[in-house]
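> return atomic coordinates for the entry below.
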Amino acid sequence: MRWRRNIVVGLDVGTTKTCAVVAEPAEEGRARVLGVGTAPSRGLRRGEIVDVEETVASIVDAVEEAERVSDTEIHSVFAGITGDHIQTRNARGVAPIETDSNEITQADIDRAIESAQALARSIDREILHAVPAGYVVDGVSDIRDPRGLCGRRIEVLVHLVTGALLSAQNLVKCINKAGFEVEDVVFQPIAASQAALTNTDKEVGVILIDIGGGTSDFALYSDGALQFSGVLGLGGDDISRDISRILRIPPSKAEEIKIKHGHAMPSHVKEDEIFTLPGTLDTKPRDESARLLADIVEARFREILQIAKEAIERSDCGHLVGSGIVLTGGMCMLKGSRDLARSVFNNMSTRVGRPLEIVGNAEQIDSPMYATAVGLAEYGLEFRESNEIIGHAGNALHVVQGFAKRMWTSVKQRLKIAGL
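Sure, this is the predicted structure:
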C-alpha cells in the first residue's frame, strides 16, 4: 500500500453499518473518491456505543477494506457522530467593537461567538459545532459578513450542537483502539449536507433528513447557513422490529423483507399482492400480504418524518424552506419514501440525496447511504486545505477548531472548575 500525503478518510460509524471513504482533492475543489469500505456494525444502539470490541472490529473491517480498494495507507479519519445524547439550540452572542476605528474584525466576531457558546458550556458536554446563521450590527440585521463594517456592537445568531462528553470520548477511544487518529468529529447531518446539498439548496432553504438504522437526523439550511438541526431516536431498525413483531419472524428476516418487499406508500400496493416469507427450522414458507407489510412500514416511517416536521415547526425555522426536502440514509432507498415525505411535508418538493460533484470512482458511492461518509471526507479536504472549517455551510466567518484541540481545551476547563 502507498502512503499518500493529501488523502482524507471519512468514517461513518453507524448503528447498522460502518463505512469508510478515502478521497483526495480534485479540480475545482471537488473530491476524487479512491476507495470505499463497509462492514456491518454490531456494537452500537441508536448511535451510542454499547460494545467497544464489536465497534472496534467493525471500524477495522471497514477501514482495511477501504485501504485495500484504494491501495492507500490510512492513519487518521474524520468521524461522524450522532445519538440521543446530541442536543441542539440557537443562541445569540453579543460583543462590543474594540478597535479605535470601530471597524469590525474577526476578533470581534470570535468574541461574539464565544459569548453564545458560553450559554451551552457544561462540565459533561462538548460543543461540537457553533455555526453562525446571521449577524446584527447596531440593530441592522440580515448581515452575512460584518468584517470591515463600522459599528459599536455586534450580535451573532449561532446554532449550537453539543454532545455528551463521554459519548464523544467513547467514539474516539474505539477509533484509536482500531489504530487510527481522529482529526475531527462532525455531526452526521452536517456531513451529509456537505455531500448531498447544492449551494442553491442552502441559499433558497432546504431540509435534509438522514434516516439511519438507529436514529434519524435532520438539518435545515437557509441563506447559505445552518439554521437548525436535531436527532430523533427512531430509525430503520424500528421499522424492522415492527415487521418482526407483527409478522412473527426473526429480526434478521424482517430486515431482509423490508429491503426486498417494503413500500412506504400502501396506496401504491395492490390489495391482492403477496410475497413469500421464507421458512425457518420450525416453520414452513408462507405467503403474506404486501399491503400489510406496506402498512407496517408506512406507520413508523410517517412517525419519523412527522416528528422531524414538528421539531422544525417548533424552531420557528420552517418558513425558511423554499427548495424542499432531501432524504439521505439507507431507509430512503425504500420504494415510496419520497412520496411519503412529500405527503408529510404538505406536498413540498422532495428528492433522494446522493453525493454530488464527485470524480473518480463515483459509481461506488452513488447512493444516499454514502452521503454521510462522503460528506465527512469532503469536510476533511476543506479542513486540510485551510486548517479551518468555516461554518460547515459555506459561511466564511466561523473557525471551528479540530476535535483533539477542542477536547483538550474542554479537559483544561474542567480541571480549572475542579480547582486542579
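> so after the longest helix along the chain, what's the next helix or strand?
The helix that spans the most residues within the chain, counting by DSSP state H, is helix 290-314. Read in the C-terminal direction, the helix or strand following helix 290-314 is strand 324-328, with elements assigned using DSSP states H and E.
> and for that next one, what are the contacting residues?
192, 196-197, 201, 206-211, 337-338, 341-342, 345, 348-353, 368-369, 371-372 (CB atoms under 8 Å, 6 or more residues apart in numbering). In short, each C-beta sits where N, CA and C put it, glycine included.
> hmm, 6 Å instead?
Surrounding strand 324-328, the residues in contact under the criterion CB atoms under 6 Å, 6 or more residues apart in numbering are 192, 196, 206-210, 341, 345, 348-353, 368, 371.
> what do you get for stretch 51-71?
Stretch 51-71 has contacts (CB under 6 Å, 6+ apart) with 1-2, 18, 20, 22, 34-35, 37-39, 41-43, 49, 74, 174, 177-178.
> give me the buried entries from those.
The neighbour-count test (16 or more other CB atoms under 10 Å) applied to the contacts of stretch 51-71 identifies 18, 20, 22, 34-35, 37-39, 41, 43, 49, 74, 174, 178 as buried.
> and the furthest pair within those?
Comparing all pairs in the buried ones among the contacts of stretch 51-71 by CB to CB, the longest separation belongs to Leu34 and Ile49, at 27.8 Å.
> so which elements touch whichever strand or helix holds Thr276?
Using DSSP H and E, Thr276 maps to strand 274-277. Contacts of strand 274-277 with other secondary structure elements, assessed using 3 or more CB pairs under 6 Å, 6 or more residues apart in numbering; DSSP states H and E, are made with strand 286-289.
> so which elements touch the strand it packs on?
Under the contact criterion of 3+ CB pairs under 6 Å, 6+ apart, the helices and strands touching strand 286-289 comprise strand 274-277.
> and the strand it packs on, which strands flank it?
Here strand 274-277 is paired, per DSSP bridges, with strand 286-289 (antiparallel).
> assumed Gln194 was part of a helix.
Yes: when classified by DSSP: H, G, I helix; E, B strand; the rest coil, Gln194 is found to be part of a helix.
> wait, isn't it in contact with Glu378?
Yes: with the criterion set as CB atoms under 6 Å, Gln194 and Glu378 qualify as a contacting pair; they are 5.0 Å apart.
> quick one on the thing from earlier: off-centre distance for the strand holding Thr276?
35 Å (CA atoms, centre = their mean, to the nearest Å).
> likewise stretch 297-306?
Taking the mean of its C-alpha atoms, stretch 297-306 sits 20 Å from the chain's own mean (CA atoms, centre = their mean).
> kindly report the same for stretch 65-76.
For stretch 65-76, the separation from the chain centroid amounts to 23 Å (computed by CA atoms, centre = their mean).
> endpoint to endpoint, that stretch covers what distance?
15 Å (CA to CA, to the nearest Å).
> gap between the nearest residue to His263 once chain neighbours are set aside and Thr16?
Distances taken as CB to CB, 6 or more residues apart in numbering place Ala294 nearest to His263, at 4.2 Å, with adjacent residues excluded. Between Ala294 and Thr16 the computed distance is 21 Å (CB to CB, to the nearest Å).
> neighbour-wise, which of those two wins?
Between Ala294 and Thr16, counting by other CB atoms under 10 Å, Ala294 is the more crowded of the two (24 against 20).
> pLDDT score for that one?
At Ala294, the pLDDT value in this model is 97.
> same question for Leu397.
Predicted confidence (pLDDT) for Leu397: 33.
> do the same with Leu247
The predicted local confidence for Leu247 is 94.
> what are the pairing partners of the helix or strand harbouring Ala23, and which direction each?
Secondary structure from DSSP H and E places Ala23 in strand 17-25. Paired strands of strand 17-25, with direction, are strand 8-13 (antiparallel), strand 31-40 (antiparallel) (DSSP bridges).
> right, and these - which one's nearest Arg302?
strand 8-13 (25.7 Å).
> may I have that closest one exported as PDB, CA atoms only?
Included here for strand 8-13 are C-alpha records, laid out as PDB according to Å, rounded to 0.1, in the frame of the first residue of the first chain:
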ATOM      1  CA  VAL A   8      -8.600  12.100   3.800                       C
ATOM      2  CA  VAL A   9     -10.900   9.500   5.200                       C
ATOM      3  CA  GLY A  10     -14.500   9.900   6.200                       C
ATOM      4  CA  LEU A  11     -15.600   7.400   8.800                       C
ATOM      5  CA  ASP A  12     -19.300   6.900   9.300                       C
ATOM      6  CA  VAL A  13     -19.800   4.600  12.400                       C
END
